[in-house]
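K.L.:
Generate a structure from the sequence data that follows.
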Amino acid sequence: MNRTTAVWVLWAAGWAGVAAWSLVRPPALARLRPPAADSWPPWLPGFLKPRPDALPLRVRAVAGGAAGLAVLVALWDWGPLGWLAAGLAGPGVTLGLGLLERSRSHAAAALLRVQLPGALDAIAACLEAGLPLRRSVEVVAGLSPPEVGALLSRVVQGVAVGLTDAEAWLELGDHPVLGPIARDVARSADWGTTVGALLAEAAGQCRRDAESEAKTRARAVGVRTVLPLSLCYLPAFFLLGLVPMLASGVVTLLAR
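P.N.:
Next up is the predicted model:
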């Protein structure tokens, strides 16, 4: 089998597998299971675990398979080394895409950090007024902006299907912004400690973190603008400094 035939066979087999995997839908009960990021194999390092907001596993696997095929085709003449590089490229791309933060997720997380303290204070106020935790969350979820309201609605829906308050809050335990607070609330709800004071303290901490982050970004503005400003001054430096000197030297040489 020559190279051209092998390449076409590999591409056809790869894309046939991708098409078959994309068209076959998993059973209904399988679609209700936790996402793949939550069932991370214990024998793999934890730092390779995909982000909660990462691309779906199918998308990452397809990209990894395509990258492996591309590397194999490009390095076909390398023999075993080409196969080894393709075998490393596929899993590498799949795992790497799971660690990347999506720009949309970054913007949503920034907006959530702004909205979260007010929602936590509102839940704490409802608790102080005598409402139970689940009812407080339900009230605040209906009055909050969409980003916070959607997360709190997940807690409300969990309680509605029979979960305890602690179990419903633990469903948000892996969230990049609300996760630590959700785990603290779950522990407090399990142990019967005061949740209102915890939420009020968490709201204050969120505000302090946001203020500290804003100050850090403000301090970094001066450092980040040094290079662009330097590049802006370079043309003037060349035109007003070097060009006249070079022109004067050329004129002097020609005059001799």
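
K.L.:
contacts, neighbours, all on C-alpha from now
P.N.:
Noted.

K.L.:
What sits closest to Ala197 if chain neighbours are left out?
P.N.:
The shortest distance from Ala197 to any non-neighbouring residue, by CA to CA, 6 or more residues apart in numbering, is to Ala124 (7.0 Å).

K.L.:
what sits against the one you found?
P.N.:
Taking CA atoms under 8 Å, 6 or more residues apart in numbering, we find Ala124 in contact with Val195, Gly196, Ala197, Leu199, Ala200.

K.L.:
Out of those, which end up buried?
P.N.:
Using 16 or more other CA atoms under 10 Å as the burial test, those include Val195, Gly196, Leu199, Ala200 as buried.

K.L.:
how much space between Val155 and Ala109?
P.N.:
18 Å (CA to CA, to the nearest Å).

K.L.:
Those two: which is more packed in?
P.N.:
Val155 (25 against 17; other CA atoms under 10 Å).

K.L.:
Can you tell me the closest non-neighbouring residue to the more buried one?
P.N.:
Using CA to CA, 6+ apart, the closest residue to Val155 is Ala168 (5.0 Å).

K.L.:
which residues sit against the helix or strand hosting the one you found?
P.N.:
Per DSSP states H and E: Ala168 is located in helix 165-170. Helix 165-170 is touched from outside by 133-134, 154-156, 158-159, 182-183, 185-190, with contacts defined as CA under 8 Å, 6+ apart.

K.L.:
Can you tell me which of the contacts of Ala124 end up in helices?
P.N.:
In helices, judged by DSSP state H, the following of those are found: Val195, Gly196, Ala197, Leu199, Ala200.

K.L.:
can you list the weak-confidence ranges in the stretch 151-256 of the chain?
P.N.:
Scanning the stretch 151-256 of the chain for pLDDT under 70 picks out 192-193, 256.

K.L.:
go with 90
P.N.:
Scanning the stretch 151-256 of the chain for pLDDT under 90 picks out the ranges 162-165, 171-180, 187-197, 206, 209-256.

K.L.:
could you pull out the helices for this protein?
P.N.:
3-23, 28-31, 57-74, 80-99, 103-128, 133-143, 146-160, 165-170, 179-191, 195-224, 226-237, 243-255.

K.L.:
And those: which comes nearest Pro50?
P.N.:
helix 80-99 (4.3 Å; CA to CA).

K.L.:
Can you list the buried residues in that closest one?
P.N.:
Those would be 82-83, 86-87, 89-91, 93-95, 97-99, for helix 80-99 by 16+ other CA under 10 Å.
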